[in-house]
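Trainee: I would like the atomic coordinates for the input below:
(2 chains)
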2 protein chains.
Amino acid sequence: MSLSQSEIASGLSTILGHDAVITDAQKMDAYLKEPRKRFHAPAAAVVTPPDVPALQALLRWANENRVGIIPQGGNTGLVGAQVPLLGSEVIVSLARFDRIRAIDTAAGVMTAESGVILENAHKAAEAQGAMFPLWLASQGSARIGGVLSSNAGGVNVLAYGNARELTMGVEAVLADGRLYQGLNALKKDNTGYDLKDLLVGAEGTLGIITAATLKIFPLPEDHETALVNVTSPDAALTLFQLMRQRLGGRLNAFELIPQIGLEFQLRHGMLDADPTASPSPWYALIEVTRMAGTEPGALQSALENAFERELITDATLAESLAERTRMWTFREQMSECQSKEGASIKHDVSVPIAAVPALIAEGSAAAARIAPGIRPVPFGHMGDGNIHFNFSQPAGSDPKAFMAQYDEAVHEVIYETVLKLGGSVSAEHGIGQLKVDLLKQVKDPVALDMMRAIKTALDPNGILNPGKMLG
Amino acid sequence: MSLSQSEIASGLSTILGHDAVITDAQKMDAYLKEPRKRFHAPAAAVVTPPDVPALQALLRWANENRVGIIPQGGNTGLVGAQVPLLGSEVIVSLARFDRIRAIDTAAGVMTAESGVILENAHKAAEAQGAMFPLWLASQGSARIGGVLSSNAGGVNVLAYGNARELTMGVEAVLADGRLYQGLNALKKDNTGYDLKDLLVGAEGTLGIITAATLKIFPLPEDHETALVNVTSPDAALTLFQLMRQRLGGRLNAFELIPQIGLEFQLRHGMLDADPTASPSPWYALIEVTRMAGTEPGALQSALENAFERELITDATLAESLAERTRMWTFREQMSECQSKEGASIKHDVSVPIAAVPALIAEGSAAAARIAPGIRPVPFGHMGDGNIHFNFSQPAGSDPKAFMAQYDEAVHEVIYETVLKLGGSVSAEHGIGQLKVDLLKQVKDPVALDMMRAIKTALDPNGILNPGKMLG
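Mentor: The predicted structure follows:
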């Protein structure tokens, strides 16, 4: 028997105090409106527990009363994991868990609570001469708990791994209110199952992360950054392999951008100058880390070699921080610039790296057969096999009509192409509520059964982020 | 009601055929005798299924009949995970799963079956101009399935991670005989819980790994290797931090070795020449990867800087492959050389890197208080905070009496010190049967409960490696 909305509100107030409970529709709005404005279910309440014991008490109560709980960080997720699905859930904002508990550069570890904003984690590390190498477009508002729960990636996965690989341990409140204390700072620990990696990427369905021990690294002396002209994704792939051979672990970014992205950004005045050396069908943004005491020039020398092998046709190396910033701005505006060209159909997908050219070629052709005039805008983390395979509407067509007619059909052929190439239908953004049905269609049924068994074992009453990921 | 031994044998023969079933005690011996000769329970039988469908049929039968199943690779594990505990189990050798299914250097991935010997995986990668960077002393007999199930580490974890981080996906037969098909080759895949990392390191208690997609890397052009004199573990720690700052991801090994290890090896004629520059209380073995097209000298220049800062007192750089090999032989013989000095009490532990000096100092002092004249021989992967904290008996004392009197008491104070410093009582070798009781004492009880819940969810009849890890 489920509680009424007023019973929920009064129960919450009893546990957390009035000040930590929001039921006013207008005040809840900021917690409900997510970036893509696709999900519109209301919440029973929003709560802002002050600390771990309060969160534990909240979950004990929720578990006893079968109240659905949605953990929320910066509300920047793109698949609706952090907002309601049923309309009767309580959103638990972790915003007050905003402390850096410890930072130890000698040990290479920072202990951050899950409400710490990613950018503040960056700053805390930098203040100690270190870096936390996970950069996202949303880092000014994304919080550590959400970053970990969605196993976020970003532009430096190539050298440093995604959120999972950057996390040494987590502390989490389980469905029944008990605290899992897994905050270790160990590079090696073979004492049982890998619970940390189970909680990371679980989208809050197995526990609520309250803090994490994160790997931090010595700050590089400098970066070497270049925007390189390549004639095709195939050439970019061969170039990537050469860069890996010559630069090994120093290669920290290899991003692919199509010419149309430059056109969009110049047309809409989004760049103060053209960052490229000359027009080219494709660009690779390549960055190398230079550590203290190392001679500069590694990237330039590798690119000269690539030029001799005719893998690249032109290149520009950033000569100043301003130039480096412009190159990265060009890359980071790739998503935004599409919104200025009307509607887009988006896919966050990955394939084995060697299959990226086939993905782009086959996917673009398939979409064009369905929607004549559609403009492919595939870009992203080529070095990870992770392409944001987006399509802009034909120039001048009606956005709503375009979406109504083609959204589903284009999704279908792109996912089909991805699966044929052994890829993933969600490389970075996760499942949330957006891709629950898709997951059921494409995932190994044995894997789905294992996931359901684990979910039931750890959250028997199904109160944690109900309906997300597994439906 | 459990089957009799003859019912088990006849059931196995029906499923797998006579040739795949071993019940002769002498023939089973090789599968039962493990490296440390500590575990002596018999097995009901040893079977060598030829392929995945046969293994699936075997597990369906074992699950229905409640027959305990122990997966075994090269039988090189040090904690008894791969040998019987109860005496009624069936050992399933994966030796016939010995195929490299695919290797793709462009994609950076190799698909190896779980019976592939680690050294053969190395050779297969090298034949394609790539490397699989997981090196262990036992690599000539250890098999991929065991390497993954124990989440093995080794000397290159610093740059490339342990087995878990080197694995992209696994295929595994579950307790009920179903096949989990998770062999992807993706660097990013956020479609659900991290089942791969749950199966890796589970010591065969959640499923039997049959194949894995492993990360392979471009072969470096060369290595730069040095044996460096430092006055203390503290100095080694400061040196490690400087090396990380200057060499970043190129630093692929940082091993610590005490002077006593050199004495042992010279005394017993285990080295053809002294690999060190001059006598020193401690040595650091440091290795750097040099990629194609990069100037040599990065390590030398970093060491010159360390010398100027008075962090090191002397150093020798390997000038030839023979010299490099001798340095590594010195390191790799650290365990063996102790056996020539009588009995040893061993601990495979880890602490946050910054706590390594405290671990060595406090642990050595505590052991000396218990056992006067005991000789500390701490060595290992300093860069991972993972020390093989071993103690040799006092010179000339009786080995058996020493072990009887001190083994348990020394374990106790070392584990106490490790836990006080936030460390792990099993950094690399796992739990198996050796550390089941220890795990119960030291692990977060909530974590233990989560592990048990997951075990029950995925193996409700408890047939997979019964009694291991969780007891």
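
Trainee: contacting residues for residue A:186?
Mentor: With contact set as Cβ atoms under 8 Å, 6 or more residues apart in numbering or on different chains, residue A:186 has these partners: A:168-169, B:350-352, B:385, B:422-424, B:427. Where C-beta positions appear, they are placed from N, C-alpha and C, glycine not excepted.

Trainee: Roughly how far does residue A:225 sit from residue A:285?
Mentor: Distance from residue A:225 to residue A:285, counting by Cβ to Cβ, to the nearest Å: 7 Å.

Trainee: what about residue A:372, how many residues close to it?
Mentor: 8 (other Cβ atoms under 10 Å in any protein chain shown).

Trainee: The stretch 301-450 of chain A against chain B: which residues are in contact?
Mentor: Contacts of the stretch 301-450 of chain A with chain B, taken as Cβ under 8 Å from any Cβ of the partner chain, map to A:301-302, A:305, A:350-355, A:381, A:384-386, A:422-431, A:435, A:439, A:442-444, A:446-450.

Trainee: Mind giving me the ChimeraX command for buried ones among those residues?
Mentor: Selection of buried members from these for ChimeraX, criterion 16 or more other Cβ atoms under 10 Å in any protein chain shown:
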select /A:301,302,305,350,351,352,353,354,355,381,384,385,386,422,423,424,425,426,427,428,429,430,431,435,439,442,443,444,446,447,448,450
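
Trainee: I'd assumed residue A:235 was in contact with residue A:280.
Mentor: No - counting by Cβ atoms under 8 Å, residue A:280 does not reach residue A:235; the two are 10.1 Å apart.

Trainee: any idea how far the closest residue to residue A:355 other than its chain neighbours lies from residue A:123?
Mentor: Spatial nearest neighbour of residue A:355, excluding adjacent residues (Cβ to Cβ, 6 or more residues apart in numbering or on different chains): residue A:421 at 4.3 Å. Look at residue A:421 and residue A:123: by Cβ to Cβ, they are 40 Å apart.

Trainee: Of the two, which one has the most company?
Mentor: Applying other Cβ under 10 Å to residue A:421 and residue A:123 shows that residue A:421 carries more neighbours, namely 19 against 12.

Trainee: In chain A, what residue lies closest to chain B?
Mentor: As assessed by Cβ to the nearest Cβ, chain B sits closest to residue A:249 within chain A, at 2.5 Å.

Trainee: Counting neighbours, what do you get for the closest residue to that residue other than its chain neighbours?
Mentor: Leaving aside its chain neighbours, residue A:249 sits nearest to residue B:249 (2.5 Å; criterion: Cβ to Cβ, 6+ apart). Using other Cβ under 10 Å, residue B:249 has 21 other residues around it.

Trainee: same thing with residue A:223?
Mentor: 17.

Trainee: Report the contact partners of the residue nearest to residue A:249.
Mentor: With Cβ under 8 Å, 6+ apart, residue B:249 has these contacts: A:159, A:248-250, A:289, B:159.

Trainee: Then residue A:133?
Mentor: Contacts of residue A:133 (Cβ under 8 Å, 6+ apart): A:156, A:159-160, A:166, A:217, A:252.

Trainee: where does it fall, phi/psi-wise?
Mentor: phi -90, psi 60 (degrees, to the nearest 10).

Trainee: Burial check on residue A:320, number of neighbours?
Mentor: 8.

Trainee: And the pLDDT at it?
Mentor: pLDDT, residue A:320: 96.

Trainee: again with residue A:403
Mentor: Looking at residue A:403, the pLDDT reads 97.

Trainee: what does residue A:305 give?
Mentor: pLDDT, residue A:305: 96.

Trainee: doesn't it fall inside a strand?
Mentor: No - using DSSP: H, G, I helix; E, B strand; the rest coil, the assignment for residue A:305 is helix, not a strand.

Trainee: how close does it get to residue A:250?
Mentor: 15 Å.
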